[in-house]
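1. my questions concern the predicted model and sequence given below.
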Amino acid sequence: MEQIGNVGSFISCRNISKEFATKRGTTRVVERFELDVKENEFVVLFGPGQCGKTTLLKLLSGLEPPSTGETVINGVKVTGPDPQRGFVYQTTALFPWLTVAGNVSFGPSVQGMKKEEREARTQKYIRLVGLEGFERSYPNQLSGGMRQRVGIARAYCNEPKVLFLDEPFGHLDAQTRYLMQAEILRIWEQEKRTVLFVTNNIEEAVYLADRIVVLSSCPAKVKAEYEIRMPRPRDYVDPEFLRLRKEITDLLDKNME
């Protein structure tokens, strides 16, 4: 297969724009977005609320088509959804009629994987997210943090090349959110994947990212990029952490003036 996209980039996005028709005319949500991502890099897309972050993530993952531009992942142009691209939603979007094991194994089951292999893989990722013993539980029997763990395990169970996470901890209480931030890094370090993670929480962005891409207010486009060189695990009161948080917050505040 002919390889396309930038040499050395696992993900290459060029001139991505998205417009929607409304009663008042055309609304542009994403404008001339461009980005290159290395394999196994953890990139955080950070921006203000309602700036187009979720739409952008859907465009890059193939869940929605762009109005202009293209995304190339591992040399292949994105033209629609693909099991090699996992997606974790802000709301867990679990199937309420399926158990934890049923939700996690859903993708491999749809793909026709043999039962023995499917069950082994399902158990692997249930164990990875720390939910052993809850295989037969249903979503309404779980806490918010546990449901989000199921969503992460379900995404990993397809063994995708890229994970797209859309503010996955946005509805969690503060204590659970901090716990899940540490957990997603533990999982990422153990099962390396290329990650694009959307958030509007600056502390979360600095804590998680190899690189932060700051987005403008709607329509979303790249405002700035920051490579985060602090070693992990990161300390929220480390002077460099606080300096970065202030610098990016000030940039965003100026962007919204």
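-> In hand now; what should we look at? Numbering: from 1, shown residues only.
2. now the most centrally placed residue in the chain: which helix or strand?
-> Nearest residue to the geometric centre of the chain (C-alpha atoms, centre = their mean): residue 165, 2.0 Å. Using DSSP states H and E, residue 165 falls within strand 162-166.
3. with only the CA atoms kept, save that strand in PDB.
-> Taking Å, rounded to 0.1, in the frame of the first residue of the first chain, the C-alpha atoms of strand 162-166 are listed here in PDB:
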ATOM      1  CA  VAL A 162      -4.800   5.100  18.400                       C
ATOM      2  CA  LEU A 163      -7.000   6.100  21.300                       C
ATOM      3  CA  PHE A 164      -9.200   9.200  21.200                       C
ATOM      4  CA  LEU A 165     -10.500  10.300  24.600                       C
ATOM      5  CA  ASP A 166     -13.100  13.100  24.800                       C
END
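4. list the contacts of that strand.
-> Defining contact as C-beta atoms under 8 Å, 6 or more residues apart in numbering, one finds that strand 162-166 is touched by 10-11, 53-54, 57, 60-61, 73, 84-90, 155-156, 184, 193-198. In short, each C-beta sits where N, CA and C put it, glycine included.
5. adjacent strands (with direction) for that strand?
-> Paired neighbours of strand 162-166 in the sheet (DSSP bridges): strand 85-88 (parallel), strand 194-199 (parallel).
6. to residue 79, which of those lies closest?
-> Nearest of the strands paired with strand 162-166 to residue 79, taken as C-beta to C-beta: strand 85-88 at 11.6 Å.
7. which residues are contacting the closest one?
-> Outside of strand 85-88, the residues within contact range by C-beta under 8 Å, 6+ apart are 57, 61-63, 73, 78, 148, 151-152, 155-156, 158, 160-166, 168, 193.
8. recalculate using a threshold of 7 Å.
-> 61-63, 151-152, 155-156, 158, 160, 162-166, 168 (C-beta atoms under 7 Å, 6 or more residues apart in numbering).
9. hmm, back to that, what's across from the residue nearest to the centre of the chain in the sheet?
-> With DSSP bridges as the criterion, residue 165 is bridged to residue 88, residue 197.
10. what's the distance between it and residue 119?
-> Residue 165 is 26 Å from residue 119, where distance means C-beta to C-beta, to the nearest Å.
11. need the contact list for the nearest residue to residue 167 once chain neighbours are set aside.
-> Distances taken as C-beta to C-beta, 6 or more residues apart in numbering put residue 90 closest to residue 167, at 4.4 Å, once the chain neighbours are dropped. Contact analysis of residue 90 by C-beta under 7 Å, 6+ apart lists 166, 167, 168, 170, 171.
12. wouldn't the third one be in contact with residue 149 here?
-> Right, the one you point to is residue 168. No: in this structure, residue 168 is not within contact of residue 149 by C-beta atoms under 7 Å, at 10.0 Å.
13. quote the end-to-end distance of stretch 224-237.
-> 23 Å (C-alpha to C-alpha, to the nearest Å).
14. buried sites along that stretch?
-> For stretch 224-237, a neighbour-count test (16 or more other C-beta atoms under 10 Å) marks 226, 228, 234 as buried.
15. closest one to residue 16 out of those, please.
-> For these, the nearest to residue 16 is residue 226 (20.5 Å; C-beta to C-beta).
16. and the pLDDT for that closest one?
-> Listed pLDDT for residue 226 reads 96.
17. cool, the one 4 residues further on as well?
-> At residue 230, the predicted lDDT confidence score is 95.
18. give me the phi and psi angles of the residue nearest to residue 167.
-> Main-chain dihedrals, residue 90, degrees, to the nearest 10: phi -60, psi -50.
19. for PyMOL, write the select line for the buried members of the contacts of strand 162-166.
-> Applying 16+ other C-beta under 10 Å to these, the buried members can be selected in PyMOL as follows:
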select buried, resi 10+11+53+54+57+60+61+73+85+86+87+88+89+90+155+156+184+193+194+195+196+197+198
